[in-house]
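Undergrad: how does the following fold in three dimensions:
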Amino acid sequence: MDALQGDLFHPTPGAVTADHSGGIMPDPPWREWVTPHKISLLILISEYVQNKAERGQEITDVFTKTLLFGVRLQRSISLALLKWIQSPDETLADLRREVEKLAGGDPSAAETVVGWLDNKLKEMAQDGLMVLTDFMQSLDQLFNLSAEGEEPLLQKAGVIGMFIRRMVLAFDKLSFSQVSSLYELLMEYCQEGKSSLKDNLDTSDAMEMADEGEGMRREDLEVGKEDSTVLSYRQAQYYLSLGLQNNYNDAEASSPAELQQQVQRLLKSNPLFVEAHYLSYLNSMNVYEWCGAVQSLHLYFDRFSLHSQHNQQSKPNEDATAARSYRYAALNLASLHCRFGHREEAMAVLQEAIRLAQVTNDNVCLQHALIWLSRLEEDESKVAMLLQRSVIRSSILTLPYLASMAVQMFTKLKAQAGLKPSRVFEYLAKSNSLNCLHYIPELVASCFALQTALWQMYGKSAMSLLNIQLLLHGSGNPTTNHWDKELGCLVLSHLAVIHADQGNYTCVYEILQLLKEKFHHIKKNARVWMFAEQCINFDRALRNHKWTAAETAITSLAALDNTEAQYRRALLLKEKGDSVGACKHLQELLQKCREEPATTITEIHAGVLLALGEVYTAASNLTTANSYFLQCLTLCKEHHLNHMATMAQLNIAHIQLLMKLPAQALALTEQVMPQVLSHGSLYNRSRAQFLLAKCQLASSDPIHPTQRKAAILSAIGTLGIALDGFQKAEAPARVKDVLYYQAQLYNEVGNSADRNRCALQFRQLDQQIPTNPTQILNIF
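TA: Residues are numbered from 1 along each chain as shown. Okay, the predicted model is just below:
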């Protein structure tokens, strides 16, 4: 059986139709226009069906093999017809090019199909208007054609059949003058490859075309005065579906300005098409244009309410549809208030949505409301209870997407609360099993992203990098690649940070350039890579002692995350030697972390404690510094932050070294070196190597010359590794420290040449970056 006799030509038994708004919009008046592009489609369909019927089954096999390459190309033509019917009108040249592409590079097949179109259009141009009229009248006969021994090739209830019947009905309602205008448009379409209503159609000849007893009005024709393409309601629905699809596919999404123009175009062609207001709402949300988002959301549901009241007499079940609209309106409004941070307003609107859903027993709406309720709740125990209830109810109601999403939210909550990592990943495995069982690729990607964040939080950067690669490559399946979507922006930004930690700045800026090109017009994603870029710029400027560049990065960060900006300002003051200013900022942050633990990131809290300890260490207040390091270590152990705990232990070892306890310092440093070398950044690895060399020297016995010399040679090798790391990490101030110690060691073993070389390099760097003498001996 011909592939064109599939879903396009034959209706699916028991099939139902659904709109893109979730079935909450009233049925609109279905008006259709006869255009030259649609006449071209009718010619292609008519010629194919007639050839199929005339040749018979045996000849058709040869014809199909020669022309259409069998089932594969027939399927392509079926999909292309579905697209052409729903899409806006194309020029004749564009239609020819697409037909030639479908032929798969076979010139004979392309020539035959295009010949059908050209020959019929040429006949219409030569013989006049009568050929067009005869052609439209002959379309009804296509429903009676069939190959030998088979059912009719074309069914009236199929997609193609319905399209033909709509076109015939619309053409029958045209007056003679309107048919003449259509013929003139067709001639222009053939000559120029365009279909233009604004230049050729006389608006005084209003075409009375309609499906369901409603005529085409004068204002319908005037839509095309500013835009040459007029969309029918069905085409507008298709256009809307593409817009919604691209809204979640950031690589294919239009710019916000272009999308807003498309929305205005839809509303001009179809003023009753209120779903376009919701697309405008999503567009405004993407660019954080809150006023436009609120206005579009209100327009969407207000206009729907008007349509509901207008249609209540003809549709008795309109009340139920309106009630569905109102409760989902409340959900959208609650999400908007949640984004604004208006917790009380969001909770009130959410309670209203829950009441409306309970009245109509809408379990799906209730589960969505339960997810939002868990996000608005501040008590962690209540949040965990709500998420557990959501998982159970979603599983009972067979809502795997909501169940898996609730499991991931529960996993994140428990990870932040300090649950054991093995239990956290066990919960995440349950979400993975649901995603694989029900094939939910979006949540599979979300699971990888969550695993990446968890491994990074636990201080395992190597495992984090592995999950990034799995997400970007989609586990080898091209249909599950997510590098061009929102999650891709997140992990690519994180990948840039990892490369910056390893000193690979060439790769960093290549990744950032890619992010700027792909996500520059999507503000919700642009904030992600902007934040990563400013953090990278700050860290690089701080190590290079470029204070102006660091200040600029902090100013940019303040617009994205004020807490992070305040924390990094304290680090800048600490590095500049302003202990008083740094301590003031850090104490304010510490107080905020202790007063608002629910809204504070644990890594920030630990970083503040670590920075405070370093400030007091630089001021030689070792007792106070040690207390902050111990607090940081305790916090990191409670939340399993291995990397931060390692840095706290290295600082404690440094304090032990300053307190003349080299043996204890060396033992503690050697204990944490595997973690640092495996998962630490290049800068931190170099700091650890530097500290290890100093501990080795301090632990050696000067009474035994042989042992002392061996320790010095070992320390020189370790310092060489640290020196290379600091140079690659672009930390010239730390390079000076290493050169200073190397010069001393070379002098002690009598190697004057290397001593002078290190001294010269030190002097050259010191002229570029003068060192604060009060911090030379107390830095780590």
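
Undergrad: in contact with residue 335: list those residues for me.
TA: By Cβ atoms under 8 Å, 6 or more residues apart in numbering, the residues touching residue 335 are 346, 372. Backbone N, C-alpha and C define where each C-beta goes, glycine included.

Undergrad: let me know the helix or strand that it is in.
TA: Using DSSP states H and E, residue 335 sits within helix 318-340.

Undergrad: now residue 435
TA: Per DSSP H and E: helix 421-438 holds residue 435.

Undergrad: and the contacts of stretch 597-616?
TA: 378, 380, 416, 457, 563-564, 567, 570-571, 574, 579, 582-583, 586-587, 589-590, 592-593, 622, 624-626, 628-629, 631-632, 635-636, 639, 641, 644, 647-648, 651, 780.

Undergrad: swap that for stretch 371-384, please
TA: Against stretch 371-384 from outside (Cβ under 8 Å, 6+ apart): 331, 334-335, 338, 343, 346-347, 350, 354, 386-387, 390, 402, 405-406, 409-410, 413-414, 417, 598.

Undergrad: swap the cut-off to 7 Å and go again
TA: 331, 334-335, 338, 343, 346-347, 350, 386-387, 390, 402, 405-406, 409-410, 413, 417, 598 (Cβ atoms under 7 Å, 6 or more residues apart in numbering).

Undergrad: mark which of the contacts of stretch 597-616 are part of helices, please.
TA: The helices, defined by DSSP state H, take in 380, 416, 457, 563-564, 567, 570-571, 574, 579, 582-583, 586-587, 589-590, 592-593, 622, 624-626, 628-629, 631-632, 635-636, 639, 644, 647-648, 651 from the contacts of stretch 597-616.

Undergrad: show me where the stretch 151-300 of the chain has helices.
TA: 159-172, 176-192, 197-200, 218-222, 233-247, 256-269, 275-286, 290-311 (DSSP state H, counting those that start in this stretch).

Undergrad: residue 468 touches residue 451, doesn't it?
TA: No. Using Cβ atoms under 7 Å, residue 468 makes no contact with residue 451, being 9.7 Å away.

Undergrad: picking up where we left off before, same for the helix holding residue 435, what does it pack against?
TA: Packed against helix 421-438 by the contact rule (3 or more Cβ pairs under 7 Å, 6 or more residues apart in numbering; DSSP states H and E) you find helix 400-416, helix 441-457.

Undergrad: next, the angle from the first one to helix 421-438.
TA: Angle between the axes of helix 400-416 and helix 421-438 is 170 degrees (criterion: axes from the mean of the first three to the mean of the last three Cα atoms, to 10 degrees).

Undergrad: who are the packing partners of helix 400-416?
TA: If you count contacts as 3+ Cβ pairs under 7 Å, 6+ apart, helix 400-416 packs onto helix 363-376, helix 380-396, helix 421-438, helix 441-457.

Undergrad: so which of the ones you listed is nearest residue 43?
TA: helix 441-457 (39.8 Å; Cβ to Cβ).

Undergrad: what's in contact with the closest one?
TA: 401, 404-405, 408, 411-412, 415, 424, 428, 431-432, 435, 463-464, 467-468, 470-471, 480, 482, 487, 490-491, 494, 603, 641.

Undergrad: can you say which of the residues you listed are buried?
TA: 404-405, 408, 411-412, 415, 424, 428, 431-432, 435, 463-464, 467-468, 470-471, 480, 482, 487, 490-491, 494, 603, 641 (16 or more other Cβ atoms under 10 Å).

Undergrad: mean confidence (pLDDT) on stretch 327-337, please.
TA: If you average the pLDDT over stretch 327-337, you get 83.

Undergrad: would you mind measuring the gap between the ends of stretch 412-428?
TA: 9 Å (Cα to Cα, to the nearest Å).
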